[in-house]
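Chemist: Prediction below, plus the sequence it came from.
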Amino acid sequence: MLAATLINPMIPILKLTDTVGTAMDWMDEFRIGQLVVADDGIYKGIVSEDILFDIADSTQPISRIIIQHQDVFASEDNHPYELLRLVNEFGLDIIPVVHEGKAMSGSILVKDLVERFVSELGIQEKGAVIVLKIAERDYSLSEISRLIESNGTKVLSSYYSSSESLHPADHSLLTLKLNRTNITPVIATLERFGYDIEEAHANDPIESVDQERLDMLLRYLAT
């Protein structure tokens, strides 16, 4: 799954000659707070609803409005991890995608990105989540997966992140999504082999992706 496959062709791209009113109408229609601006097909930046709200004259062209993030964009071959980094770092609702010479390829809605990414990770599947606290020198996903699979359970997805709040400092967190909710045997096996279970949750399927889950996902990926 690359950036090019996530482009939403229905999202309009503003021209410098478009008016503030046009931008506001499109934002309202598509329920987004940002739109991409291009000039003759070349990426110029992003305009935000917050800025447009302060413009009294809705007939003013976009060329006279503050355009942000001129150097913030994705390439067609960027992976979702890089896209999520941009979202987290710059507070984006929309991700411009360009190819050679900053020529516009299209736009990605952040909500579409998150929904696809959640689906790819298997987060919507019914299953438990366990969080291990492990020393970095002892980290081996293949070994941990082998122990889990010895109990007839599979790892659907995983996050590995350092945690500044953990002491000693060389300990990290490994979050694992499993394909079963009954994980008592898995926990027993991991503990028997010396792994420290920080958290364990038998989760139900996730029906929708709300802001809280998005924030959680971005925090994991940003660490």
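Modeler: Yep, it's here. Since the model is a prediction, treat every value here as computed from it, not as a measurement.

Chemist: mind listing what Leu92 touches?
Modeler: Contact analysis of Leu92 by CB atoms under 8 Å, 6 or more residues apart in numbering lists 34, 46, 69, 72, 86, 110. All C-beta atoms are positioned from the backbone trio N, CA, C, and that covers glycine.

Chemist: Tell me how far it lies from Val110.
Modeler: For Leu92, the distance to Val110 equals 6 Å [CB to CB, to the nearest Å].

Chemist: before we move on, what about Glu191?
Modeler: Taking CB to CB as the measure, Glu191 falls 39 Å from Val110.

Chemist: Check Ser158 too.
Modeler: Distance from Ser158 to Val110, by CB to CB: 23 Å.

Chemist: what mean pLDDT does the one helix or strand Ala128 maps to have?
Modeler: Counting by DSSP states H and E, the element that carries Ala128 is strand 127-135. Strand 127-135 shows an average pLDDT of 86 in the prediction.

Chemist: hey, where'd the strands end up in the protein?
Modeler: 14-15, 34-39, 42-48, 74-75, 94-99, 103-109, 127-135, 155-162, 171-178, 196-203 (DSSP state E).

Chemist: And the contacts of the fifth one?
Modeler: This points to strand 94-99. Residues outside strand 94-99 that contact it (CB under 8 Å, 6+ apart) are 3-4, 7, 11, 32, 34-36, 43, 46, 69, 72-76, 78, 83, 86-87, 104-110, 113.

Chemist: Of those, grab the buried ones for ChimeraX.
Modeler: Under the burial definition 16 or more other CB atoms under 10 Å, those of the contacts of strand 94-99 that qualify are selected in ChimeraX by:
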select :3,4,7,11,32,34,35,36,43,46,69,73,74,76,78,83,86,87,104,105,106,107,108,109,110,113
